[in-house]
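K.L.:
Sequence plus the predicted model coming up.
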Amino acid sequence: MAFKTPDQIATAAVNAGVVKANLTADRMFAGGILAGAYIAFAGLLAVVVTAGMPVAIWGNLTTLFFGAVFATGLIIVIVAGSELVTGNMALLPLALTTRRATAGRVAMSLVVVTIGNLVGSLLVAYLLAVQTGVIGSAHSAAGSAGALTFAKLAAVAKGKAVTETSLEIFLRAVACNWLVCLAVWMAYAAEDIAGKILAIFFPIMAFVALGFDHVVANMFFIPAAMFAHVPGIGIGDAVRNLVLAFVGNAVGGGLFVAGFYWFLYLRGQPQPTTPKGVQETPIPDERSKGGQDAAGPR
């Protein structure tokens, strides 16, 4: 199985960051909607699959199954192509620190893609989880699939929006995006789809099984619970979680992945510069195939 070495991954990641920074705003937004929907689909799948698995019997294996199926979301994001803000939190800083993207373009991408992720998550949460009845409701018959999925969603959303303290949300978000961005980073090492899926699966399974906070996943879980009228969750709870999760995710991806790998493989290396007013076309690394890895997962 062909693969890239860590220094070649760094080159591919920089190129991907340049591409993302130079997308037009409408493409950033459209890609963001898709990624938000894909992560929401994975969250809905994880709730349905693990609903009705009592902790008394399954113990912490429930979280392992939850994480295993949730990995579907990032696999689709990377293989199919879309814009996920958490992955971009590592790729865009690399483009910025190597002077191949401007701070304005990086900031615009983060803002537009975040809004797109929120829109995609809300669409799935309201139309495809709640309005379809897949998630159930408080009025579902006891013991039915609807009652089980509603109870599982309520437990997940309340845990994130109400039970966790502000410090816990922040720290869990740092750890989450450290692992998420490692999944994206390692996906660049693979030259085929099977390798990318394998690289993505374990870090994503790990962050979910450990109960860490992913801002885009929480854009699904918490609003879906609110749409389903889970009691005890308010707008303030949702905003607090999403803001702190966003900041923590930015630290996790920007510092522990982009920062450290820049230090290891890119610091002090000569970087091409682009004349003012000229849009750069990223150069492929020496092992990319047909430019696929230069653009990288979206």
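P.N.:
Arrived safely. Numbering: from 1, shown residues only.

K.L.:
all contacts plus neighbour counts: C-alpha atoms, from now on.
P.N.:
Will do.

K.L.:
Now do the same contact list for the residue most central in space within the chain.
P.N.:
Nearest to the geometric centre of the chain sits T86, at 4.7 Å (CA atoms, centre = their mean). Contact partners of T86, counting by CA atoms under 8 Å, 6 or more residues apart in numbering, are N177, V180, C181, H214, V215, V216, N249, A250, G253.

K.L.:
Same question for G232.
P.N.:
Shown in contact with G232 (CA under 8 Å, 6+ apart): K158.

K.L.:
What is the neighbour count of V162?
P.N.:
17 (other CA atoms under 10 Å).

K.L.:
A40 too?
P.N.:
31.

K.L.:
was I right about it contacting F220?
P.N.:
Yes. Here A40 reaches F220: they are 5.4 Å apart, a contact under CA atoms under 8 Å.

K.L.:
any common contacting residues for the two?
P.N.:
With CA under 8 Å, 6+ apart, A40 and F220 have common neighbours S121, V124, A125.

K.L.:
of all those, which comes closest to F150?
P.N.:
A125 (12.7 Å; CA to CA).

K.L.:
Please report the distance of the nearest residue to that closest one once chain neighbours are set aside from G253.
P.N.:
Residue nearest to A125 in three dimensions, not counting chain neighbours: A224, with 4.7 Å by CA to CA, 6 or more residues apart in numbering. The gap separating A224 from G253 is 26 Å, by CA to CA, to the nearest Å.

K.L.:
burial of A30, as a residue count?
P.N.:
18.

K.L.:
Quick check: which element contains it?
P.N.:
helix 25-50 (DSSP states H and E).

K.L.:
Can you list the neighbours in contact with the helix or strand that comes right after that helix?
P.N.:
Sequence-wise, the next helix or strand downstream of helix 25-50 (DSSP H and E) is helix 55-58. In this structure, residues lying in contact with helix 55-58 by CA under 8 Å, 6+ apart are T62.

K.L.:
Give me the mean pLDDT for helix 55-58.
P.N.:
Averaged over helix 55-58, pLDDT sits at 90.

K.L.:
Could you point out the helix or strand that follows it?
P.N.:
helix 61-70.

K.L.:
Same question for that following helix: list its buried residues.
P.N.:
T62, T63, L64, F65, F66, G67, A68, V69, F70 (16 or more other CA atoms under 10 Å).

K.L.:
Does the third one touch M205 like I think?
P.N.:
Yes. Using CA under 8 Å, L64 makes contact with M205 at a distance of 6.8 Å.

K.L.:
Nearest to H139 among the contacts of T86?
P.N.:
The closest of the contacts of T86 to H139 turns out to be V216 (CA to CA; 28.0 Å).

K.L.:
show me what contacts the closest one?
P.N.:
Counted by CA under 8 Å, 6+ apart, V216 has contacts G36, I39, A40, V85, T86, N117, L118, S121.

K.L.:
Look at it and give its secondary structure.
P.N.:
Classification of V216 by DSSP: H, G, I helix; E, B strand; the rest coil places it in helix.

K.L.:
low pLDDT regions in this structure?
P.N.:
1, 270-298 (pLDDT under 70).

K.L.:
Which parts of it are helices?
P.N.:
Counting by DSSP state H, the chain has these helices, from start to end: 6-21, 25-50, 55-58, 61-70, 72-80, 85-97, 103-123, 145-158, 166-187, 193-209, 215-227, 235-253, 260-261, 292-295.

K.L.:
just so I know, which of these lies nearest V130?
P.N.:
Closest among those, using CA to CA: helix 215-227, at 6.8 Å.

K.L.:
tell me which residues in that closest one are buried?
P.N.:
Of the residues in helix 215-227, 215-227 count as buried by neighbour count, 16+ other CA under 10 Å.

K.L.:
ok, back up a step: among the helices of the chain, which comes closest to V134?
P.N.:
Using CA to CA, the nearest of those to V134 is helix 145-158, at 6.7 Å.

K.L.:
The closest one packs against which elements?
P.N.:
helix 25-50, helix 215-227 (3 or more CA pairs under 8 Å, 6 or more residues apart in numbering; DSSP states H and E).

K.L.:
For ChimeraX, write a command that selects the buried ones of the contacts of T86.
P.N.:
Provided next is the ChimeraX selection string for whichever of these are buried by 16+ other CA under 10 Å:
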select :177,180,181,214,215,216,249,250,253
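
K.L.:
Relative to T97, which of the contacts of T86 is nearest.
P.N.:
Minimum distance to T97 across these is 14.1 Å, recorded for G253 (CA to CA).

K.L.:
List the contacts of that closest one.
P.N.:
T86, G87, M89, A90, V174, N177, W178, V180, C181.

K.L.:
how much space between A30 and F202?
P.N.:
28 Å.
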